[in-house]
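Engineer: Take a look and give me a structure for this.
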Amino acid sequence: MSDYIVRATAADSQIRAFAITSRELTEEARQRHGCSPIVTAAMGRLMSAAAMMGSMMKGEKDLLTLQIGGDGPMRGLTVTADAAGHVKGYPEEAAVLLPPNAAGKLNVGGAIGQGLLSVIKDMGLKEPYVGQTALQTGEIAEDLTYYFAVSEQVPSSVGLGVLMNKDNTVRQAGGFIIQLMPYTQEAVIDRLEQKITEISSVTQMLEEGMSPEEMLSHILGDFGLEILDTLPAEFHCDCSKERIGKALATLSPKDMDSIIEENEPIEVKCHFCNTNYAFDVEELKRIREGSGKMSRENRREEA
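Structural biologist: Predicted structure coming up:
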């Protein structure tokens with residue numbers, strides 16, 4: 001089954017909920033970046049969360065970025081998502097290996113360490129919204145739960161999970177985000193908190209064959225769950241040779257001249273998808289000529 005996101009409400013719209021199955025996009029990220037099992041788990045969790053959070057945005061061009069920076073051997077992760085279910089990301093270090101944690105699970109928290117979670121929302125305004133909180137565990141779900149409570153004042157429960165096969169491919173991946181609206185009644189809050197303590201892990205629910213709809217039904221079935229819609233989710237990078245060329249054009253003329261003087265083709269790699277783009281010397285000269293022309297025009301405008 002292809003990855004997808006479910007959006008829903010419950011308790012007469014006092015609760016809003018999201019769930020995702022994300023095995024395919026997590027496996028694609030693993031293959032593209034050559035991730036170890038721990039890094040794959042971290043990437044899968046953060047991309048699952050980003051895809052669901054992206055689906056909360058309204059505008060077609062809105063962009064969400066989640067960044068985690070830590071003092072552990074993984075160092076950090078960067079993930080972006082839009083409102084259409086497209087998500088991409090990359091780790092700072094892809095080959096981290098650590099012993100299991102005390103629970104016998106992949107030690108994602110140990111690989112990330114202590115640090116910061118940043119949430120950046122670019123919604124076409126003059127400045128993007130930036131929220132930042134200290135990592136609580138480095139396990140990502142708890143860190144996002146804390147972020148929602150502190151930065152957005154939205155009581156939330158975030159569950160994320162990635163299960164690996166023995167050959168290090170992705171067996172299961174997915175998650176949920178459940179949020180309380182400001183007008184939620186105390187009785188509903190108490191019932192939901194009790195229910196959250198009773199549910200099994202995300203990976204166990206997925207292993208039992210639950211779809212995103214069934215996960216939400218398992219958690220919110222007693223609250224009058226209403227599925228609103230579904231949205232395909234996929235690892236998607238919008239890089240291209242043209243866009244990389246425009247990025248090269250932002251280099252200073254001195255730097256471009258230095259590259260051209262080497263008289264060798266160059267390769268530029270996209271961080272997000274690891275695709276290499278080759279530029280021969282003639283292409284570099286055309287980029288240099290175009291950026292020089294633009295610089296001259298800007299100077300005339302300023303004069």
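
Engineer: all helices for this structure, in order.
Structural biologist: If DSSP state H is used as the criterion, the helices of the chain fall at 23-33, 37-54, 108-112, 141-151, 186-198, 202-207, 212-220, 241-248, 253-261, 281-302.

Engineer: Contacts for the fourth one next, please.
Structural biologist: With contact meaning CB atoms under 8 Å, 6 or more residues apart in numbering, helix 141-151 is reached by 45, 49, 68, 117, 119, 131-133, 135-137, 154-160, 175, 177, 179. Where C-beta positions appear, they are placed from N, C-alpha and C, glycine not excepted.

Engineer: So for it, mean pLDDT?
Structural biologist: Taken as a whole, helix 141-151 has an average pLDDT of 97.

Engineer: Same question for the last one.
Structural biologist: Across helix 281-302, the average pLDDT comes to 67.

Engineer: cool, the third one as well?
Structural biologist: Confidence over helix 108-112 (mean pLDDT, whole number) is 97.

Engineer: Kindly export it (C-alpha atoms) in PDB.
Structural biologist: Included here for helix 108-112 are C-alpha records, laid out as PDB according to Å, rounded to 0.1, in the frame of the first residue of the first chain:
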ATOM      1  CA  VAL A 108      17.700   7.400  18.400                       C
ATOM      2  CA  GLY A 109      17.900   9.600  21.500                       C
ATOM      3  CA  GLY A 110      21.500   8.700  22.100                       C
ATOM      4  CA  ALA A 111      22.400   9.200  18.500                       C
ATOM      5  CA  ILE A 112      20.900  12.800  18.500                       C
END
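
Engineer: Please list the outside residues in contact with it.
Structural biologist: With contact meaning CB under 8 Å, 6+ apart, helix 108-112 is reached by 38-39, 41-42, 45, 68, 70, 72-74, 76-77, 96, 98, 101, 135, 137-140.

Engineer: quick one: residue 139 from residue 82, how far?
Structural biologist: Taking CB to CB, to the nearest Å as the measure, residue 139 and residue 82 are separated by 25 Å.

Engineer: Inside strands: which ones of the contacts of helix 108-112?
Structural biologist: The strands, defined by DSSP state E, take in 68, 70, 76, 77 from those.

Engineer: Surely the third one and residue 70 touch.
Structural biologist: Yes: under the criterion of CB atoms under 8 Å, residue 76 is in contact with residue 70, at a separation of 6.2 Å.

Engineer: Identify the contacts common to these two.
Structural biologist: In the contact map built from CB under 8 Å, 6+ apart, the residues linked to both residue 76 and residue 70 are 112, 115.

Engineer: For the stretch 1-150 of the chain, give me the ranges with low pLDDT.
Structural biologist: Using pLDDT under 70 as the threshold, the predicted model of the stretch 1-150 of the chain has low-confidence ranges 1.

Engineer: that older thread, list only buried entries from the contacts of helix 108-112.
Structural biologist: In terms of neighbour count (16 or more other CB atoms under 10 Å), the buried residues within the contacts of helix 108-112 are 38-39, 41-42, 45, 68, 70, 72-74, 76-77, 96, 98, 135, 138-140.

Engineer: could you check the angle helix 23-33 makes with the strand of greatest length in the chain?
Structural biologist: For the chain, the longest strand by residue count, based on DSSP E, is strand 170-180. Interaxial angle of strand 170-180 relative to helix 23-33 (axes from the mean of the first three to the mean of the last three CA atoms, to 10 degrees): 120 degrees.

Engineer: Need the pLDDT of residue 182.
Structural biologist: In this prediction residue 182 is given a pLDDT of 93.

Engineer: So what's the residue count around it?
Structural biologist: Taking other CB atoms under 10 Å as the neighbour definition, residue 182 ends up with a count of 8.

Engineer: Then residue 127?
Structural biologist: Residue 127 has 6 neighbouring residues, counting by other CB under 10 Å.
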